[in-house]
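In: just the structure for this:
(one chain, ligands or ions: 2)
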Amino acid sequence: MSVVIIRQDGKIEEWKLALQLAAPEINFYSYLEDHQKDRIEVAMVWKHPQGIFKEYPSMRYIASFGAGVDFLLQDPEIPADVKITRVVDPVLASDMSEYVIGALFSFMKNLIHYRSDQIKAIWDPTPYIRIRDLTVGIMGMGALGSCLAKDLYRIGFKVVGWSRSKKNIDFMECFSGEKQRAEFLSKTNALVCLLPLTPETTNILNKPLFGQLPPGAYVINVARGGHLVDEDLIDMINRGHISGACLDVYHQEPLPKQHPFWAHPKILMTPHVASVSDAQAVVPQLLENYFRFKKGEALLNEVSTLRGY
Ligand code: NDP
Ligand code: OXD
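Out: Ligands and ions are numbered 1, 2, ... in the order given. Sure, this is the predicted structure:
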């Protein structure tokens, strides 16, 4: 029983140790160490080097270490019949809520603005926004978006949501599909993107969409860089229609040093850390799926390659 672990962020040993401790009967290999590649059927992966799956002709099941699977579905070298799963985890969801709530308050209370004033020793009180004055619109009401909606509601925010299929949630108004998107946007003062990256959602955060938000709206993108048309965001902020943005994800990560986001006074950037899979929380579901796969049982959180998420 063998599994290959593939990731390029320096965390292979940490995950390998956590997995090995929990399942000593399985051999876990880093893709960088010697192992019989042609016999490996299962991989656990986070942002793999392109072309790596050509080296694993027996691959049948790939588990993403994260919630997103866009990097796997975009790889044409992964055969269509390979099963793919993703992480769905309450810790991942609550970490995401905490991040978004932090970003919202930093916008409402002008904290980034004051930090930049502080560096220049400027004393300039500015009006702030109260919870009761703001409606948060969540694009993507899945595992993360629906947890965020509950947490925001608990704090007292008005929340609206938008997804592919219709949701009925008693404490909030939910919209679905293309036809209801404009209405959803018209009610949103702070937009949070928690969509998966698919062909339908690529570049969805663009000028026409921003134009449908009320003037002064704030944008938080914690999903994928591919959702956002960078120059459209900058243009709509510079025109004053969008009051600013908090971004955690980018087209290219790390974001190249010359990118205009770095120096923009109204853009708060973080390095893809909104919610990071926690080994202790996630190892049990990775192993559960490994054993299910071995027994030929249905997998948890299997991705639909047709739907794209
Ligand atoms: P889910 O698959 O659980 O939810 C996706 C939601 O998006 C669903 O509500 C789905 O609708 C909706 N959706 C999908 N396609 C469309 C569409 N074309 N139009 C409208 N709605 C659509 O995903 P998660 O909540 O688990 O994660 C969302 C994303 O967050 C991940 O794919 C990942 O990219 C990102 N992420 C970022 C992290 C970070 O640290 N920055 C950490 C973790 C995740 P429906 O309900 O009808 O299916
Ligand atoms: C994820 C992520 O998809 O960290 O889990 O972006």
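In: is ligand 2 within reach of stretch 299-309?
Out: No. Stretch 299-309 lies out of reach of ligand 2 by CB under 6 Å from any ligand atom, never closer than 10.6 Å. Using the backbone N, CA and C atoms, a C-beta is placed for each residue, glycine as well.
In: compute the first-to-last residue distance for that stretch.
Out: Stretch 299-309 has an end-to-end distance of 15 Å (CA to CA, to the nearest Å).
In: for Leu194, see how far away the residue of the chain found nearest ligand 1 is.
Out: Ligand 1 sits closest to Gly142 of the chain, with a gap of 1.7 Å, by CB to the nearest ligand atom. Using CB to CB, to the nearest Å, Gly142 is found at 7 Å from Leu194.
In: more crowded one of the two?
Out: Leu194 (27 against 18; other CB atoms under 10 Å).
In: these two touch, right, the more buried one and Leu148?
Out: Yes. Contact criterion CB atoms under 8 Å: Leu194 and Leu148 qualify, at 6.8 Å.
In: from Gly102, how far out is the residue of the chain closest to ligand 1?
Out: 21 Å.
In: within range of ligand 1, give me the residues from the stretch 51-200 of the chain.
Out: 66-68, 92, 140-145, 163-165, 194-198, 200.
In: helices along the stretch 151-300 of the chain, start to end?
Out: For the stretch 151-300 of the chain, helices defined by DSSP state H, counting those that start in this stretch occupy the ranges 181-186, 207-211, 230-238, 279-295.
In: a markdown table for those helices, including distance to Arg7?
Out: Formatted as a markdown table, the helices of the stretch 151-300 of the chain follow (distance: least, CB to CB, whole Å):
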| stretch | distance to Arg7 |
| --- | --- |
| helix 181-186 | 35 |
| helix 207-211 | 33 |
| helix 230-238 | 26 |
| helix 279-295 | 12 |
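In: what sits up against stretch 77-96?
Out: Residues outside stretch 77-96 that contact it (CB atoms under 8 Å, 6 or more residues apart in numbering) are 50-51, 53-54, 59-69, 72-73, 143-144, 147-148, 151, 194, 222, 274-278, 281-282, 285, 289, 293, 299-303, 305.
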